[in-house]
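Below: sequence and its predicted model.
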Amino acid sequence: MYVRIGAGVLAAALALTACSGSDTKTSDTKTTASGPIELTYVNWDGGMDKVVDDWNKLNPNIQVKLTKPSGTGYTLYNKLITNNKAGTNPDITEVEYQALPALIANQVVVPIDDYVKGLDTKYDKPSLSQVQFEGKTYGVPQNVCPMVFFYRKDIFDKLGLKAPATWAEYATTAAAIKKAEPKKYIGNFTAADPGWFAGLAQQAGANWWKADGDTWTVKINDDASKKVADFWNDLITQGLVSPQPNWSAQWNTDMNNGTLIGWVGAQWGPNQLPSIAKDTAGKWAAAPLPAWTAGDATVGIWGGETEAVTANSKHPAEAAKFVEWMNSSEAGMASLIKNVQAFPASPAGQQLPELKSPPPFMSNQPDYNTLMATAAKGVRTFDIWGPNANVTFDSYSNAFGGALQKKAPLSGALDAMQDATVNDMKKLGFQVAG
């Protein structure tokens, strides 16, 4: 399904910081002979219809029609790849950061540099690296999802414990919890969330893919990633963390009834917790992600997305205007915060008044969004995502799930991920070093 593309076409081009955006109306754009320009947009996020409504009210000459896809994630992306040649794709599509290289490789999306200027003065290096490849820009970063540690403050306080500042302290605290409350856990290891592990590997210094000219280097089983795997392997072996994967029925129950009193999550956690642990509102607190070295603020990301203009769009300039408005203008970002609960990648967006109040589920932590803005400053990502990250992600679930079932070392799962990723890239025609 994927076309071959040289690594140079996907080499990350990185930029600088700052923010803001213009709320200038684009209603001076000429209408077509039959009326306003109509753009089609596919997105699965709840509340996005209200963001689109806000745009349409401001821009009568460029109207956006939102549709929800029949499937999310790679179900949508594979459909976009299939429909590209038929010319039936929407003008604009939602796309998660790790999937963007695959859409670029298959010529599904196009650069927007001719229509959107000055992003290097509005966004930091890690955010721009998610949407820029070989000096071309394929989207405006929408949100940033720094990883953090959530914990049941009421139970931690009762046990006389504090949120761990380092991973060594996390292990010590896990042991203390197990000793005091044998049926409780500080958290869980999830074999269901490759993005979760990728974020932890980013924090440890991993860089799973690199591109040099037409040659790719793949190091999913590097020392940094194995350090992370070995750390969690030790905790599992000692019975200090639960092996229940995120989003499973048992995990939901354990989060709600106090069996799990901590969770290594990300900024968007309070958006999900109401449906996971509905009886615990106001009992959780967020703290910085434990560091490998005391005082180091480096964290990885778990999640995040942009909007891309497709090659099928007959109005790429207008489509790019919508993407820019939504993700970098004050009005657009405010609408995203209010209606989609997004946390803007834009540093200026992180200071908007709409973020002065914490998420309802975390009403006991007034400085929640201030903590997230601070965490975002320490974000470290991969320099580039591979063109077949879907294969890498699929192999994660299979390899780590199998390792847990067999009680085998987790580091071996990384070797399996490495082999699966490299073999698939070679099969697709990519040149891989080693």
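That came in fine, so what should we check first?

Neighbours of Ala86, how many?
8 (other C-beta atoms under 10 Å). To be clear about C-beta, it is placed using only N, CA and C from the backbone, and glycine gets the same treatment.

tell me the secondary structure for it?
coil (DSSP: H, G, I helix; E, B strand; the rest coil).

Touching, Val340 and Val51? I think so.
Yes. The pair Val340 and Val51 passes the contact test of C-beta atoms under 8 Å, sitting 6.5 Å apart.

So between these two, which is more surrounded?
Between Val340 and Val51, counting by other C-beta under 10 Å, Val51 is the more crowded of the two (27 against 20).

downstream neighbour of the host helix or strand of that one in the secondary structure list?
In this structure, Val51 sits in helix 48-58 according to DSSP states H and E. Secondary structure here is assigned by DSSP H and E; on that basis, the next helix or strand after helix 48-58 toward the C-terminus is strand 62-67.

Check which helices and strands that next one sits against.
With contacts defined as 3 or more C-beta pairs under 8 Å, 6 or more residues apart in numbering; DSSP states H and E, the packing partners of strand 62-67 are strand 37-42, helix 48-58, helix 316-328.

Who's the closest spatial neighbour of Trp167, skipping the chain neighbours?
Distances taken as C-beta to C-beta, 6 or more residues apart in numbering place Pro290 nearest to Trp167, at 4.7 Å, with adjacent residues excluded.

Ala211 in helix, strand or coil?
On the three-state scheme (three-state DSSP), Ala211 is labelled strand.

thought Ala375 was touching Thr298?
No. Look at Ala375 against Thr298 with C-beta under 8 Å: they stay out of range, at 10.1 Å.

More neighbours: the two, which one.
Counting neighbours by other C-beta under 10 Å for Ala375 and for Thr298 shows that Ala375 has the greater number, 24 against 15.

Against Ile301, how distant is that one?
Plainly put, Ala375 is 10 Å away from Ile301 if you go by C-beta to C-beta, to the nearest Å.

hang on, the earlier thing: I'd like to know which elements the helix holding Val51 is packed against.
Counting contacts by 3+ C-beta pairs under 8 Å, 6+ apart, helix 48-58 is packed against strand 62-67, helix 316-328, helix 330-340.

Could you list the buried residues of that helix?
Neighbour counts over helix 48-58 (16 or more other C-beta atoms under 10 Å) mark Met48, Val51, Val52, Asp54, Trp55, Asn56, Leu58 as buried.

Is the closest residue to Ser363 other than its chain neighbours in a helix, a strand, or coil?
Counting by C-beta to C-beta, 6+ apart, Gly282 is the residue found nearest to Ser363 once chain neighbours are left out, at 5.8 Å. Put simply, Gly282 is coil when judged by three-state DSSP.

Next up, the contacts around Gly282.
Remark: with contacts taken as C-beta atoms under 8 Å, 6 or more residues apart in numbering, Gly282 is in contact with Phe361, Met362, Ser363, Asn364.

So the second one is in contact with Asn369, correct?
Read that as Met362. No. Met362 lies out of contact with Asn369 (C-beta under 8 Å); the separation is 9.3 Å.

The residue nearest to Trp167: neighbouring residues, count only.
Number of residues near Pro290 (other C-beta under 10 Å) recorded here: 22.

Check Lys117 too.
Here the number of neighbours of Lys117 (other C-beta under 10 Å) works out to 11.

ok, now how distant is it from Ala320?
10 Å.
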